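[1] Fold the following for me, if possible:
(chains A and B, ligands or ions: 2)
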Amino acid sequence: MKEDFDNEMKLEFISKSSNEAFARAALAAFAAQLDPTIEELSDIKTAVSEAVTNCIIHGYENKQGIVKIMARLKEDEIIIEISDKGKGIENIDMAKEPLYTTKPNLERSGMGFTIMESFMDTMEIESIVGLGTKITMSKKIKPKNQEEEDNEFQMITKQ
Amino acid sequence: METKFYEKDKLLVLKITEEIDDHNVKKIRGKADYEIERYMPKKVILDFDSVTFMDSAGIGLIIGRYKFAKIIGAKLEVANLSKNVQRIFEMSGILKLVPIWDVSQLDILSN
Ligand SMILES: Nc1ncnc2c1ncn2[C@@H]1O[C@H](COP(=O)(O)OP(=O)(O)OP(=O)(O)O)[C@@H](O)[C@H]1O
Ligand SMILES: [Mg+2]
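    Ligands and ions are numbered 1, 2, ... in the order given. Take a look at the predicted model:
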């Protein structure tokens, strides 16, 4: 039987905040196979960072747990699932609202889901209180024309 | 973070050199508040020139520093925003409270 995707990876790590940088770097390296622009890569890193941070600070509330990531490449698209087995979300519609946060005292702004939605093409939340939360996001990497590639090359060589 | 204080203008420039996420933000926040309290400036500039990554933790960082600066009577502005950083700030509406500082003013400052 042939799978209906081109590539797949899985990642598991404990809910330590120092793993946020690790997770977004790993996903960026995996997404690089689709030849994204620097900007597309930065969008993916930001969205991953938001979802992973949410698992750590809201899902597990800084107690130890496992964060799982599964990512697939299918043609020109990357599909990313990020999940925890933490406390879950009571009201998903409310959680998605910009500026809604249950932790304002920690200088959280309530913009995480809004950022994931706008930096990726799709974003879905599944959550059961007491069992955990799973975020599924996808993004299509646009085919590049020569001009964009030239610009990108100039940007890299300038740095 | 790199700190520069312009005595004559009572201007404090805090250049953030870390990636801004939930993990690093605690350290950045502590250092920034320490410097603001130490220099008691009239204006604080957060310089994002060396910031290679930022997520929503950056919005909380700005709102928190805005409030802290206000307590000591200082204004907060931001400088050298990358496209990505600017987009995140615009989404949150924070730039209405914290304006973007005109970097060209740096030439006319003296220590
Ligand atoms: N994995 C999760 N487990 C439990 N609750 C969650 C999870 N992710 C999000 N939430 C809930 O949804 C709310 C909104 O999340 P969102 O990421 O938009 O904002 P935030 O994390 O509070 O702030 P910010 O991301 O701007 O720092 C959170 O305050 C929290 O109550
Ligand atoms: Mg969040």
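[2] going forward, measure contacts between C-alpha atoms and count neighbours the same way
    Noted.
[3] what residues does chain B put near chain A?
    Neighbours of chain A within chain B, by C-alpha under 8 Å from any C-alpha of the partner chain: B:21-23, B:53-57, B:59-61, B:63-64, B:84, B:88, B:92.
[4] Could you tell me which ones among these also sit near ligand 1?
    For ligand 1, the contacts drawn from the residues of chain B next to chain A by C-alpha under 6 Å from any ligand atom are B:Ser56, B:Ala57.
[5] What is the end-to-end distance of stretch A:116-135?
    End-to-end distance for stretch A:116-135, by C-alpha to C-alpha, to the nearest Å: 10 Å.
[6] Does ligand 2 have contacts with it?
    No - Stretch A:116-135 lies out of reach of ligand 2 by C-alpha under 5 Å from the ion, never closer than 9.5 Å.
[7] what's the distance between that stretch and the middle of its chain?
    With C-alpha atoms, centre = their mean, to the nearest Å as the basis, stretch A:116-135 stands 10 Å off its chain's centre.
[8] in it, what counts as buried?
    The neighbour-count check on stretch A:116-135 (16 or more other C-alpha atoms under 10 Å in any protein chain shown) flags A:Met116, A:Glu117, A:Phe119, A:Met120, A:Met123, A:Ile125, A:Ser127, A:Ile128, A:Gly132, A:Thr133, A:Lys134, A:Ile135 as buried.
[9] Could you look up the SS state of the nearest residue to the third one once chain neighbours are set aside?
    Among residues not flanking A:Phe119 along the chain, A:Asp43 sits closest, at 5.2 Å (C-alpha to C-alpha, 6 or more residues apart in numbering or on different chains). Using DSSP: H, G, I helix; E, B strand; the rest coil as the criterion, the local structure at A:Asp43 reads helix.
[10] where does the chain have low pLDDT?
    Assuming you mean chain A. For chain A, the stretches with pLDDT under 70 are A:1, A:146-150, A:152-153, A:157-159.
[11] The intended chain is chain B.
    Ranges of chain B meeting pLDDT under 70: B:106-111.
[12] which residues does A:Lys85 contact?
    A:Gly59, A:Tyr60, A:Gly65, A:Ile66, A:Val67, A:Gly130, A:Leu131, A:Gly132, A:Thr133 (C-alpha atoms under 8 Å, 6 or more residues apart in numbering or on different chains).
[13] Now do the helices in chain A.
    Here chain A has its helices, by DSSP state H, at A:19-31, A:38-54, A:92-96, A:112-119, A:146-158.
[14] So which of these is nearest ligand 1?
    Among the helices of chain A, helix A:112-119 comes nearest to ligand 1, with 3.3 Å by C-alpha to the nearest ligand atom.
[15] what's the closest one in contact with?
    In contact with helix A:112-119 (C-alpha under 8 Å, 6+ apart) are residues A:43-44, A:46-48, A:50-51, A:95-98, A:123, A:137, B:56, B:88.
[16] what about residue 95, how many residues close to it?
    Assuming you mean chain A. Using other C-alpha atoms under 10 Å in any protein chain shown, A:Ala95 has 19 neighbouring residues.
[17] The intended chain is chain B.
    Quick note: B:Leu95 (other C-alpha under 10 Å) scores 15 neighbours.
[18] got it, and B:Lys83?
    9.
[19] swap in the one 3 residues further on?
    The number of residues packed near B:Gln86 is 15, by other C-alpha under 10 Å.
[20] so it, which of the three states?
    helix.
[21] quick one: contacts for it?
    For B:Gln86, counting by C-alpha under 8 Å, 6+ apart, there are no contacting residues.
[22] before we move on, back to that, could the buried residues of stretch A:116-135 be laid out in CSV, adding distance to ligand 1?
    Formatted as CSV, these follow (distance: C-alpha to the nearest ligand atom, whole Å):
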residue, distance to ligand 1
A:Met116, 9
A:Glu117, 10
A:Phe119, 13
A:Met120, 14
A:Met123, 12
A:Ile125, 9
A:Ser127, 8
A:Ile128, 9
A:Gly132, 6
A:Thr133, 5
A:Lys134, 7
A:Ile135, 8
